[in-house]
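J.: Build me a model:
(chains A and B)
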Amino acid sequence: MAYLKGKNLVAAYGVVPILHECSVEVEKGELAVIVGPNGAGKSTVMRVLLGMLEPTSGSVTLDGNDISMLSTQDRIAQGLAFVPQTKNVFPSMTVEENLQMGGFIREDDISKTIEEVYELFPILYEKRKQLAEELSGGQRQQVAFGRAMMTRPSVMLLDEPTAGVSPIVMDEIFSNILDVRNAGMAVLMVEQNAQQALNIADKGFVLVSGRNEHTGTGKELIKDREVRKKFLGG
Amino acid sequence: MSDSIDIINAFALLTNFVILPALSYGSQLALGALAVTLVYSILRFSNFAQGDSMAFGTMLVILISGYMISKGWTITGFPTAILAIPLALVGMSIYLLLMDRLVYRHYRGIKIKQSIVGITASIGVMFITGGIVRFFLGASAQRFGDGERFIFSVREFKAFTGLQQGIALKTSQFLTITLAILLVAFLFYFLQKTKTGKAMRAYSDNKELALLSGIDPDKVVRITWLLVALFTTIAGTLYGLDKGFAPQQYHLLLLPIFASVIVGGIGSPIGAIAGAFLVAFSEIFLTYAYKKFLIYLLPLSMHPNSLVQLIGTEYKYAISFVILIIVLLIKPTGLFKGKVIVDE
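T.: Below you'll find the model as predicted:
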């Protein structure tokens, strides 16, 4: 049984069906990537896993426990963390305050976790008194990761972390994601840059019209002729 | 020698009739403007009920202090209203939370533009609140300040300094400026340093992400109304102690308060304070008759015959709007970078 598993998810926005029996899963210390064309339901999978959208059927389990009935806040408390694609920092708060807000639900001392985030992203320590809105795109993304890590999650969900950034920043962000994975977390991300994402992924899910079209390790999917032709441009 | 005395006299005159009144009026506006800013930042609408809520808070103070005076529970020197504030605060908090439960919460649940729906709902609350106040206290003006009227009077000041012109410090002015400083310091400490205050700022900054961080939106809304109750009750009471209580006057206060908020930058607490003082000083500086002031400063041959009043006091509300228009034309985000009103 995988650590986080969304099984046979069916979901709709109003009467418009989005997901049809779609399944994704990720293990601890593993990076899984969801790729697919626009409108395939990639972000919807995330929303269902987080409890921001109620599925018509299907289940979400974390470490074997069914969390389908929990609210988003309760799932966060259970160890899920989410970095949205846009608006993923508190712009008019300092870097440090962003991290503090990330650890809002924790009752214990969060200063050690803040230290850990600074160790992982040293630039954030230098900029800790600066407002998040004053940072560059890449740095802001690090604040977003840092904020999500403050609950010491076991699963990190990332929605298109490299959308709209330059190739150099993209490499930086991917290397950050690998650091997070190597720290032992389960990382599940939705990604537009399918080629690069599958290159570093342990596992990949290709979604088309809300269905699992292909599933395999990142390397397998990149080699797959059909996947290459359809989604990776030849 | 006599020249420098004249200059001192001129400025004593100005302090007494312009600077001190403007400082206390500005402080009263600032407290009201901060309440509007809080509601705007958290609930995303401009609270039209602010002026009448101030009347409501003042009404509670008047009723409670009346009872206290009848029982002889007073303090020497200060108005009994000050003693009544804590209890009135409880009443005001209950009233605002009730209004939130009965009115605003319903509209928050509907996913439509809060800036429009909230304003419309608050106009309804404005009329209800104003009606309740008139029901209990009537529509006519009244004074409720007891105790000493002055910390020091013009006569005492003149005797002490030997100047021709005196400065009086009214008890209400002293209370206004002191309480305003304390409240503003408290608000900034609360928002910058406490976990709950930071959570409010986070919620105002990015609601979705605040929810993802486990911040309880209902608690944020409740704390907001409690802060609004605090600022509203005290602002209303201080304004009433200074200028007397009249429901219509409080209703109209909405205009300079909104002007302050927008001039300062919507959603910016520092902006609200700066805007309030800008509006207050402009109103009083422009409507003051400078004849006596100039007589002190100018040689006899240049003494003015007219009052040298730039604008009649009946136009004082127009001044807020002129400032508002100028700022919106030149710097639409306000003096301190505020939010531009857009719907999310």
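J.: can you tell me which helix in chain A is longest?
T.: Residue-count comparison of every helix in chain A, with assignments taken from DSSP state H, identifies helix A:167-182 as the longest.
J.: Okay, buried residues for that one please.
T.: Buried residues in helix A:167-182, counting neighbours by 16 or more other Cβ atoms under 10 Å in any protein chain shown, are found at A:V169, A:M170, A:E172, A:I173, A:F174, A:N176, A:I177, A:V180, A:R181. Heads up, the C-betas are built off the backbone N, CA and C, glycines and all.
J.: Low-confidence ranges, chain A, go.
T.: Using pLDDT under 70 as the threshold, the predicted model of chain A has low-confidence ranges A:233-234.
J.: can you check chain B too?
T.: Within chain B, the ranges that satisfy pLDDT under 70 run B:1-2, B:338-344.
J.: how close does A:E21 get to chain B?
T.: Spatial separation of A:E21 from chain B under the definition Cβ to the nearest Cβ, to the nearest Å is 27 Å.
J.: Would you mind listing what in the stretch 51-200 of chain B touches chain A?
T.: With Cβ under 8 Å from any Cβ of the partner chain as the criterion, the stretch 51-200 of chain B comes near chain A at residues B:K195, B:K198, B:A199.
J.: run the last query once more with 6 Å
T.: Within the stretch 51-200 of chain B, the positions near chain A by Cβ under 6 Å from any Cβ of the partner chain are B:K198.
J.: Who are the contact partners of the closest residue to chain A within the stretch 51-200 of chain B?
T.: Of all residues in the stretch 51-200 of chain B, the one sitting closest to chain A is B:K198 (5.9 Å; Cβ to the nearest Cβ). Applying Cβ atoms under 6 Å, 6 or more residues apart in numbering or on different chains, we find B:K198 in contact with A:E97.
J.: Quick check: buried residues in stretch B:225-236?
T.: By neighbour count, with 16+ other Cβ under 10 Å as the criterion, the buried positions of stretch B:225-236 are B:W225, B:L227, B:V228, B:A229, B:L230, B:F231, B:T232, B:T233, B:I234, B:A235, B:G236.
J.: So the residue of the stretch 51-200 of chain B closest to chain A lies in a helix, does it not?
T.: Yes: counting by DSSP: H, G, I helix; E, B strand; the rest coil, B:K198 falls inside a helix.
J.: measure it to B:A246 for me?
T.: For B:K198, the distance to B:A246 (Cβ to Cβ, to the nearest Å) stands at 40 Å.
J.: same check, this time on B:T74
T.: In this structure, B:T74 lies at 24 Å from B:A246, with Cβ to Cβ as the measure.
J.: Tell me who's in contact with the residue of chain A found nearest chain B.
T.: Closest to chain B within chain A is A:I105: 3.5 Å, counting by Cβ to the nearest Cβ. Taking Cβ under 6 Å, 6+ apart as the definition of contact, the neighbours of A:I105 are A:A77, B:G214.
J.: repeat that with 7 Å
T.: Taking Cβ atoms under 7 Å, 6 or more residues apart in numbering or on different chains, we find A:I105 in contact with A:I76, A:A77, A:T151, B:G214.
J.: Please tell me which one of the residues you listed counts the most neighbours.
T.: With neighbours taken as other Cβ atoms under 10 Å in any protein chain shown, the top of the contacts of A:I105 is A:I76, carrying 24 neighbours.
J.: tell me which element that residue falls in.
T.: Here A:I76 sits within helix A:72-78, counting by DSSP states H and E.
J.: what's that helix in contact with?
T.: Contacts made with helix A:72-78 from outside it, assessed by Cβ under 7 Å, 6+ apart, are listed as A:L50, A:G51, A:M52, A:L62, A:I67, A:L70, A:I105, A:T151, B:L211, B:L212, B:G214.
J.: go with 6 Å
T.: In contact with helix A:72-78 (Cβ under 6 Å, 6+ apart) are residues A:L50, A:G51, A:M52, A:L62, A:I67, A:I105, B:G214.
J.: Output whichever helix or strand comes after that helix as CSV, restricted to C-alpha atoms.
T.: Next along the chain after helix A:72-78, taking DSSP H and E as the criterion, comes strand A:80-83. Only the C-alpha atoms of strand A:80-83 are listed here, as CSV (Å, rounded to 0.1, in the frame of the first residue of the first chain):
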residue,chain,number,x,y,z
LEU,A,80,-0.1,16.8,3.9
ALA,A,81,1.4,20.1,2.7
PHE,A,82,0.5,22.0,-0.4
VAL,A,83,2.3,24.6,-2.5
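J.: helices or strands next to strand A:80-83 in the packing?
T.: The elements that strand A:80-83 packs onto, with contact taken as 3 or more Cβ pairs under 6 Å, 6 or more residues apart in numbering or on different chains; DSSP states H and E, are helix A:137-149, strand A:155-159.
J.: Identify the residues contacting it?
T.: A:L50, A:A144, A:A148, A:T151, A:P153, A:V155, A:M156, A:L157, A:L158, B:L212.
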